[in-house]
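S.K.: got a predicted model here, sequence first, then my questions.
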Amino acid sequence: MLHIENLHAQIEDKQILKGLNLEVKPGEVHAIMGPNGAGKSSLASVLSGRDNFEVTEGAVNFDGKGLLDMSPEDRAREGLFLAFQYPIEIPGVSNINFLRTALNEIRAYRKLPALDAKEFLKLSREKQKLVEFDAKLVNRSLNEGFSGGEKKRNEIFQLAMLDPKLSILDETDSGLDIDALRIVADGVNKLRSADKSFILITHYQRLLDYIVPDFVHVLYDGRIVKSGPKELALELEEKGYDWLKETLHEPAV
Amino acid sequence: MIQTQTTPLYDQLLSHFHPEKFSAAPRVMQLQAHGLESFKKTGFPTRRTEEWKYTPVGGFLRETYSLNGIDKQPALQPEWVAQAHIPGLDAIEIVLLNGVLQPIQSELPATVKVQTLSYALNDEKVQGFIGQNTALENAPFAALNTALFTDGLFIEIAPKAILEKPLHITHIYTAEHSRMLQPRHLVVVHPSAQITLIESTVRTEAGARVFINSVSEVVVEENASCDHYMIQSTNESAAIVNQVDVGQKRHSVYTSYTFAMPGAALIRNNLNVDLNAAETETHLYGLMVGRDKQLLDVHSFINHKEPNCQSNEIFKTILRDESNGVFSGKVFVHQEAQKTNAFQQNNSLLLSDKATVNAKPMLEIFADDVRCSHGATVGQLSREALFYLQSRGIGEAAARDLLVNAFAFEVTEKIKIPALEAYVNELIVGKGVDAVMA
């Protein structure tokens, strides 16, 4: 589904990603961990098409198509979703109208008819329930005045509504208390299926207690330096990232 | 100091002027003479005129205009009226062609009088209302209008009458050759009456310049309420200077919504509200949406003369291409006007590198127990917000439209009629014009 090969990217003149490789197959959940500044969120930005990053080398193939040539909206229409680390507030754009516009643009791209108001409402109710998203928030301005937890839940609600093939959750656990974390994780677990994939970007192992990944990767200094089964996360938690830095001083990765 | 700018138009206007053109009614004649004197004192504004510093009108005044605008009226065409059609709006339709009232097709409630101003001015009571609140000093265009006006619209709503349906007034302007018009309107809302006015301005075809120099007076008596919408979406051949003079009495509420939309080469709105009694409420909401080389300007002036009055202003400007916006908001609080509560907000959104905006909030406060605040911002679309919307599959153009509408939301959400809100939202992003023409 997603194939990243030797990805190099920079912001202004600073090299952030330095030859990153990753393969995600349908139905898989990958966790990407790593210390601050390793390039985790940059990877999410580059994949979703944020324009302040410049890709200098490498290729990303998404379901048979070159991802890097696409506009951010086309990436979304092709089935990529980024749950933002810091979802922004947009006063004056109603949450529900925004979602309806988004969903119908995605459907139009896939040559599907637009959902009418009734069908949309039905779908929206269904997904609200699935991810335990408060109906009152649905009709408010986009994220305006939402608490940190409500914003993250709104990301998961949008994810449920837009039904992407590949979802990237960028530090969705940061700033969440344990109840909010459980709700977000439950939502994601309910959306897991044989043809949907997830990339969880996280600093802490905590999230992985709730969403159990198939693979754990360690991102360090712009590269994936270690990959393993879910137990790797526990090892990292126990030994800390310093352990990793030390082992990496021995060359050849 | 007398600083008269003499242009051919100025000379033409003065020679066009004959005292016998004044109204026969002494009260009105006096007013018109006063208008003429005031105009002669200032002449047309120049770049040195403080109130017109960022609004160069010289170019519009160098043209040659016919001043006898309404001698030969064309036959009213249905498609002209259709240009101002607001889908889904249930209203009483009133049409003016070049400032002259046309026969009204729909039935009017008995409590509402709609007449030509020239006819209404035969009534001494009506004579008492005109000019009551018109600021003529340092208001050259209003002074000119006062001196030269011949006709316009008169609306009167009886005491305690509550008009359920809004009056939708369509001003249609035609021209085979350039002309300058001086439409003059008067609205009297008697005590405890309520009315909603929606004014649309339409220019029928491109080509010859029409300079519309209009003055409307709105008298809002005790306990009365008036919602006043103005939608100016014409084309490049129109230049509009529009003064609205409002006088409010005790416990009255006046709310205006000014929408200066893409089209006219020049729109200058002067909104003057005199709070002539205590405990009034005033809301001025405005939106200017500029394209091409449009010059859009709103000057508001709220005159707090009496205690315990509230005023609230939100003006937003959205500028594309090489358009220019000017906002000036003056709030004057007299010494007597204790417990005044005045709020003013002005935000501008620049969508192009070549667009410019000049914003000038002015608070002059002579009372010591008041709450007055103002704020002005100028900004661009947030790249973060744009990316957020795009990352959900919304195309860039649609995402921009969403954000532009969101910027205008603080004003558009105040519109009390849903059909009108939808119409204005479409005009903001430019879809409405074609839809209306079709």
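M.R.: That came through, no problem. Residues are numbered from 1 along each chain as shown, chains lettered A, B, ... in the order given.

S.K.: run a quick neighbour tally on whatever residue of the stretch 51-200 of chain A ends up closest to chain B.
M.R.: The minimum distance from the stretch 51-200 of chain A to chain B, using C-beta to the nearest C-beta, falls at A:G92 (3.1 Å). No exception for glycine: its C-beta is placed from N, CA and C like everyone else's. When counting by other C-beta atoms under 10 Å in any protein chain shown, one arrives at 18 neighbours for A:G92.

S.K.: same question for A:W243.
M.R.: Neighbours of A:W243 under the rule other C-beta under 10 Å: 12.

S.K.: ok, it - contacts?
M.R.: A:L236 (C-beta atoms under 8 Å, 6 or more residues apart in numbering or on different chains).

S.K.: how near is the residue lying farthest from the centre of chain B to chain A?
M.R.: Taking C-alpha atoms, centre = their mean, the residue of chain B most remote from its mean C-alpha position is B:S391, at 40.3 Å. B:S391 sits 5 Å away from chain A, going by C-beta to the nearest C-beta, to the nearest Å.

S.K.: wait, that residue touches A:G49, no?
M.R.: Yes: using C-beta atoms under 8 Å, B:S391 is in contact with A:G49, at 7.3 Å.

S.K.: shared neighbours of those two, anything?
M.R.: Residues touching both B:S391 and A:G49 (C-beta under 8 Å, 6+ apart) are A:72, A:75.

S.K.: residue 57: neighbour count?
M.R.: Just so you know, I chose chain A. By the criterion of other C-beta under 10 Å, A:E57 has 13 neighbours.

S.K.: nope, chain B
M.R.: Close neighbours of B:V57, defined as other C-beta under 10 Å, add up to 22.

S.K.: equivalent analysis for A:M70, please.
M.R.: By other C-beta under 10 Å, 17 other residues sit near A:M70.

S.K.: ok, it to B:C226 distance?
M.R.: A:M70 is 53 Å from B:C226, where distance means C-beta to C-beta, to the nearest Å.

S.K.: please apply the same query to B:D297.
M.R.: According to C-beta to C-beta, B:D297 stands 23 Å off from B:C226.

S.K.: with B:S382 instead?
M.R.: B:S382 is 37 Å from B:C226, by C-beta to C-beta.

S.K.: neighbour count winner among these two?
M.R.: Counting neighbours by other C-beta under 10 Å for B:S382 and for B:C226 shows that B:C226 has the greater number, 24 against 13.

S.K.: that one belongs to a strand?
M.R.: Yes: secondary structure of B:C226 (DSSP: H, G, I helix; E, B strand; the rest coil): part of a strand.

S.K.: what's it in contact with, if anything?
M.R.: With contact taken as C-beta under 8 Å, 6+ apart, B:C226 is in contact with B:187, B:189, B:194-197, B:218, B:220, B:252-255.

S.K.: next, format those residues as CSV and append secondary structure, pLDDT and neighbour count.
M.R.: Converted to CSV, the contacts of B:C226 look like this (DSSP: H, G, I helix; E, B strand; the rest coil; pLDDT from 0 to 100; neighbours: other C-beta atoms under 10 Å in any protein chain shown):
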residue, secondary structure, pLDDT, neighbour count
B:V187, strand, 98, 23
B:V189, strand, 98, 29
B:Q194, strand, 98, 17
B:I195, strand, 98, 26
B:T196, strand, 98, 20
B:L197, strand, 98, 24
B:V218, strand, 98, 23
B:V220, strand, 98, 29
B:S252, coil, 98, 27
B:V253, strand, 98, 17
B:Y254, strand, 98, 25
B:T255, strand, 98, 18
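
S.K.: dump the residues you listed to JSON lines, plus distance to B:H283.
M.R.: Output for these, formatted as JSON lines (distance: C-beta to C-beta, whole Å):
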{"residue": "B:V187", "distance to B:H283": "17"}
{"residue": "B:V189", "distance to B:H283": "15"}
{"residue": "B:Q194", "distance to B:H283": "15"}
{"residue": "B:I195", "distance to B:H283": "15"}
{"residue": "B:T196", "distance to B:H283": "13"}
{"residue": "B:L197", "distance to B:H283": "14"}
{"residue": "B:V218", "distance to B:H283": "13"}
{"residue": "B:V220", "distance to B:H283": "12"}
{"residue": "B:S252", "distance to B:H283": "12"}
{"residue": "B:V253", "distance to B:H283": "8"}
{"residue": "B:Y254", "distance to B:H283": "8"}
{"residue": "B:T255", "distance to B:H283": "4"}
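
S.K.: between those residues, which is nearest chain A?
M.R.: Minimum distance to chain A across the contacts of B:C226 is 20.2 Å, recorded for B:T255 (C-beta to the nearest C-beta).

S.K.: please name the bridge partners of the closest one.
M.R.: Beta-bridge partners of B:T255, counted by DSSP bridges, are B:D227, B:H283.

S.K.: residues in chain B within reach of chain A, list them.
M.R.: Chain B comes close to chain A at residues B:382-385, B:387-396, B:398-399, B:402-403, B:405-410, B:413, as judged by C-beta under 8 Å from any C-beta of the partner chain.

S.K.: go again using 10 Å as the cut-off
M.R.: B:382-399, B:401-410, B:412-413 (C-beta under 10 Å from any C-beta of the partner chain).

S.K.: please spell out the PyMOL selection for the buried subset of those.
M.R.: In PyMOL syntax, the buried subset of these is picked out as below (16 or more other C-beta atoms under 10 Å in any protein chain shown):
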select buried, chain B and resi 385+386+387+388+389+390+391+392+393+394+395+398+399+401+402+403+404+405+406+407+408+409+410+412
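
S.K.: can you flag which of the residues of chain B next to chain A belong to strands?
M.R.: Using DSSP state E, the subset of the residues of chain B next to chain A located in strands is empty.

S.K.: quick one: low-confidence ranges for chain A?
M.R.: Applying pLDDT under 70 to chain A flags the ranges A:249-253.

S.K.: in it, which helix is the longest?
M.R.: As assigned by DSSP state H, the longest helix anywhere in chain A is helix A:231-248.

S.K.: re the thing from before, part of a helix, is the residue of the stretch 51-200 of chain A closest to chain B?
M.R.: No: looking at A:G92 with three-state DSSP, it is strand, so not inside a helix.

S.K.: residues in contact with the residue nearest to the spatial centre of chain A?
M.R.: With distances taken as C-alpha atoms, centre = their mean, A:I168 lies nearest the centre of chain A, 1.6 Å away. A:I168 makes contact with A:2, A:24, A:30, A:32, A:41, A:43-45, A:47-48, A:80-84, A:159, A:197-201, according to C-beta atoms under 10 Å, 6 or more residues apart in numbering or on different chains.

S.K.: give me the subset of those residues that also touch chain B.
M.R.: Within these, those near chain B by C-beta under 10 Å from any C-beta are A:45, A:48, A:80-84, A:159.

S.K.: helices along chain B, start to end?
M.R.: Along chain B, counting by DSSP H, helices occupy B:8-16, B:26-42, B:58-61, B:78-82, B:117-120, B:124-129, B:140-148, B:383-390, B:396-412, B:418-429, B:432-437.

S.K.: lowest average confidence, helix or strand, in chain B?
M.R.: Across the helices and strands of chain B, the lowest-confidence element by mean pLDDT, DSSP states H and E is helix B:432-437, at a mean of 38.

S.K.: what about A:K14, how many residues nearby?
M.R.: 8.

S.K.: ok, the one 4 residues further on next?
M.R.: Residues lying near A:K18 (other C-beta under 10 Å) number 17.

S.K.: next one: B:Q132
M.R.: 15.

S.K.: and for the one 4 residues further on?
M.R.: Counted with other C-beta under 10 Å, the burial measure for B:L136 works out to 25 neighbours.

S.K.: surely it and B:A143 touch.
M.R.: Yes: using C-beta atoms under 10 Å, B:L136 is in contact with B:A143, at 4.6 Å.
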